[in-house]
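S.K.: Below are the sequence and a predicted model for it; my questions follow.
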Amino acid sequence: MTRNDEEHHGIPGPTLGSVLHITDARSGEPTDLPRGLTRVHVHAAGEDTSALRLLLVADVLARALDLDGGPSLTVARPGPELRARADALGIRRAEPEAPPGGRILHVRGAGQPAPDDGPHLEVAPAGDPSGTPDPAALRLALLTTPRGVAAELGTGALAEAQRTLARWRRAVAGWANHPSRPVPDAVRQRLRAAWEDDLDVPAALEVLRRLEEAEDVPPGARFESYAYADRLVGLELTREIGAWG
């Protein structure tokens, strides 16, 4: 893919980083997470969607660390109801305690106290959705909202997430019928630049939205790109392979 190709379908040029950079909520200063064991401590109190969002941010953070060379370990003690909701969203199970060693990073709600033995990621609250939304659609709706912004989960936002998820899964299933092609370098680098820049998941999702319309990118390359990004966002984008021609 040439630079002209990148400009044609709206994908910015390569900006690949080397490590994951986050902004410490206590100091407001950027900090790097070096490769090596990182213990992600989640301070999730209660059973509501705000607590669920903390576990989701920690899940994506752990995925990003793993993709960048990890390893990582998530530490949390969710109650049974919250644990069941997290399972439904495909959030990896946390350990109740962590062995010593490695760097500590805390994930907490806005204004919530937490220990000072590591940097903090602060996550804004989320409203409780009405009814029982599709878990994958709820996951996408939460990931679409920047973590520092309160997530409003009204019927419109959830319906839009459901439509996007269905469209992407159907597209991925169709692209899977074509010869495989590597993930374009510009796409891979833009995805990594997004999550390495303060875990900017909405920016990573925007890369997928642009790529969806990039008809000059071979279908096989779009398939591999979505499958690669799904290792971060965890939306089961390949689950309908075989269901669509």
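M.R.: Everything's here; your move.
S.K.: list the contacts for residue 107?
M.R.: Contacts here follow CB atoms under 8 Å, 6 or more residues apart in numbering; on that basis residue 107 touches 40, 41, 42, 43, 54, 57, 58, 61, 120, 121, 123. For glycine as for every other residue, the C-beta is placed from the backbone atoms N, C-alpha and C.
S.K.: Pretty sure the second one sits in a strand.
M.R.: Yes: going by DSSP: H, G, I helix; E, B strand; the rest coil, the assignment for residue 41 places it inside a strand.
S.K.: what pairs with it across the strands?
M.R.: Under DSSP bridges, the beta-bridge partners of residue 41 are residue 75, residue 106.
S.K.: And it, how close does it get to residue 63?
M.R.: Distance of residue 41 to residue 63, given as CB to CB, to the nearest Å: 17 Å.
S.K.: Please apply the same query to the fourth one.
M.R.: Here residue 43 is placed at a distance of 19 Å from residue 63 (CB to CB).
S.K.: How about residue 212?
M.R.: Distance from residue 212 to residue 63, counting by CB to CB: 21 Å.
S.K.: next one: residue 138
M.R.: Taking CB to CB, one finds residue 138 at 18 Å from residue 63.
S.K.: One more: residue 165?
M.R.: Counting by CB to CB, the gap from residue 165 to residue 63 is 18 Å.
S.K.: Show me the contact partners of the longest helix anywhere in the chain.
M.R.: Secondary structure of the chain per DSSP state H: the longest helix is helix 155-175. Helix 155-175 has contacts (CB under 8 Å, 6+ apart) with 129-130, 133-134, 136-138, 140-141, 144, 208, 212, 219-220, 222-223, 226-227, 235-245.
S.K.: The same query, at a cut-off of 7 Å, please.
M.R.: The contact list for helix 155-175 (CB atoms under 7 Å, 6 or more residues apart in numbering) reads 129-130, 133-134, 136-138, 140-141, 144, 212, 219-220, 222-223, 226, 235, 237-241, 243-244.
S.K.: With stretch 65-83 instead?
M.R.: Here stretch 65-83 makes contact (CB under 7 Å, 6+ apart) with 19-20, 33, 35, 37-42, 44, 47, 51-52, 55, 58, 62, 86, 92, 94-98, 196, 231-232.
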